[in-house]
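In: model this:
(2 chains)
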Amino acid sequence: MDGLTAAEQREFESRMQKKQMKEFMGMFSHLVSHCFDSCVDDFTTKSLIQRETGCVSRCVKKFMAGSERISQRFQEGQTQMMAQPPPGR
Amino acid sequence: MFGGFGRPQPSSAEKIAAAEAEMDLVTDMFNKLQQACMKKCIPREYREGELNKGEGVCIDRCAAKFFDVQMKVSELLQQEAQAKGAGGGMGFGGM
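Out: Purely as a prediction, here's the structure:
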């Protein structure tokens, strides 16, 4: 991302912001699906039962914790990979 | 990035598109890594709201192996390309 002028940088950042928004919405949607699939299976009643509510809460928390850890490892991995010369050159 | 062997300078649009493509690649890789390691390391029972030690360690190792696989695949593809006499022009390495 070197060699971009200030104006180009601004354009790039604006696009990145839109992408980030899109990513977040995607993540949210995936999380809803995932926790619903994992936790909700009692259809004798219309409202969530306590077990299901607790499960969803733990599901979201655990997902976020896992995601954060993966983020950290990813950044470390990226840094390491950039520091290495590409293979075969 | 292009070395400039007498080529015309890339336009603004081209530079931004290239930066964006690179970002897309990184984001995609992250998403794949996340999906893979969550699936392999976090069971679906959700007994507690935090990562337990085993899950944490699993994630660390999963991420490390994912990057190793990436390097390996990159190397192998390059070898294939060279063997086929493509001249090794366009490298995938490093990303």
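
In: tell me which residues in the helix or strand where A:Q17 lies are buried?
Out: Using DSSP states H and E, A:Q17 falls within helix A:6-39. Going by neighbour count (16 or more other Cβ atoms under 10 Å in any protein chain shown), the buried part of helix A:6-39 is A:8, A:11-12, A:31, A:35, A:38-39. The C-beta positions use only the backbone N, C-alpha and C, and glycine is treated the same way.

In: which ones are touching the most centrally placed residue in chain B?
Out: What sits nearest the mean C-alpha location of chain B, by Cα atoms, centre = their mean, is B:M29, with 4.3 Å. The contact partners of B:M29, by Cβ atoms under 8 Å, 6 or more residues apart in numbering or on different chains, come to A:74, B:70.

In: helix or strand right after whichever strand or helix holds it?
Out: Element membership for B:M29 (DSSP H and E) is helix B:12-41. Of the helices and strands lying after helix B:12-41 in sequence (DSSP H and E), the nearest is helix B:53-83.

In: for that following helix, the distance to its chain's centre please.
Out: Centroid separation for helix B:53-83 versus its chain: 9 Å, with Cα atoms, centre = their mean, to the nearest Å.

In: before we move on, the earlier item: how about the helix holding A:Q17, does it reach chain B?
Out: Yes. Helix A:6-39 lies within reach of chain B by Cβ under 8 Å from any Cβ of the partner chain, at A:7-8, A:11-12, A:15-16, A:19, A:23, A:38-39.

In: Farthest pair within these?
Out: A:A7 and A:C39 (48.2 Å; Cβ to Cβ).

In: Could you pull up the mean pLDDT of the helix holding B:M29?
Out: For helix B:12-41, the mean pLDDT works out to 91.

In: Now do it: distance to the chain's middle.
Out: For helix B:12-41, the separation from the chain centroid amounts to 7 Å (computed by Cα atoms, centre = their mean).

In: buried set for it?
Out: So helix B:12-41, judged by 16+ other Cβ under 10 Å, has buried residues B:15-16, B:18-20, B:29-30, B:33-34, B:36-38, B:41.

In: ok, now stretch A:70-81?
Out: A:70, A:73-74, A:77, A:81.
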